[in-house]
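Undergrad: here's a sequence, model it:
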Amino acid sequence: MNQGVVSSDDEVLILVNADDEAIGSLSKGACHDGEGVLHRAFSVFLFDQDNRLLVQQRSKGKRLWPMYWANSCCSHPRLGEDMNTATSRRIREELGVEADLEYVYKFQYHARFGDLGSEHELCSVYLGRVAASAIEPNPTEIANTQWLEPAEVDAWMSQGSPDDAIAPWFRMEWSELRVGQPSVLVEFLKAKG
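TA: Below you'll find the model as predicted:
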C-alpha cells in the first residue's frame, strides 16, 4: 500500500484558457489561492464489477474541502504530463490500482472554500472499472471509502444530511453524468468491462 505523500503545494500545474490551451504554469498552492487561477484538472469515477461507484472521503490534511466526500479520484496533470499519464499515476498513488479509463466530457468550474482558497479548474471527467477488492487507499490522501449503487449516490446527493459533506465538483459531475449525458453512463455500466 502506498502510504506516502503524493502531492504538495509546490508541484507545478498547467495553466489553461477556456479552450484548454496551455498558457503557462504555476505552483498548485498559488493556483488555489484566493479566487484561484484556471488550471487543468481531472476527475475519475471508478465502478466495480457490480456497477457500484467508489467514493472517497478526502483526508483531513487537505487544504480545500478536507473530510468532504468526492468521487473516486481527483487531481491535476503536472507540467509536462499528458492526461493519460496523470490519471494513471494518480489512481495508482491514491488507490493502488490500474484501470483503463474512458474520457466522457470536460467542463470549467469555480468553487470557493471560505478564506482558504478556491478550485478554478478546467476538468476532464473519466469513467473506469476496477475490482473492489483491489483498492488500497493511501491514508495520506483518503480518510475513508465507500462503494455505492448509482441510485444510492442519487439519494445521497438529494437527501444527504449536514454530516454528508459532498465536494462541489462531485455534485456537478454526477449531475452531468446522470442528467446531462446519461446515455454515456448507461452504456458504460451495461458493458461491465
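Undergrad: isn't Asp20 right up against Ala41?
TA: No. With contact defined as CB atoms under 8 Å, Asp20 does not reach Ala41; the gap is 10.8 Å. (Each C-beta comes from the backbone N, C-alpha and C, glycine too.)
Undergrad: neighbour-wise, which of those two wins?
TA: Ala41 (26 against 13; other CB atoms under 10 Å).
Undergrad: please name every helix or strand in contact with the strand or helix carrying the more buried one.
TA: Using DSSP states H and E, Ala41 sits in strand 39-47. Secondary-structure packing of strand 39-47 (3 or more CB pairs under 8 Å, 6 or more residues apart in numbering; DSSP states H and E): strand 12-16, strand 53-58, strand 73-75, helix 83-95, strand 118-129, helix 168-175.
Undergrad: can you give me the angle that strand makes with strand 12-16?
TA: Orientation note: strand 39-47 sits at an angle of 100 degrees relative to strand 12-16 (axes from the mean of the first three to the mean of the last three CA atoms, to 10 degrees).
Undergrad: what mean pLDDT does strand 39-47 get?
TA: The average pLDDT for strand 39-47 rounds to 98.
Undergrad: the helices and strands packed on strand 39-47: which one's closest to Ile135?
TA: helix 83-95 (5.4 Å; CB to CB).
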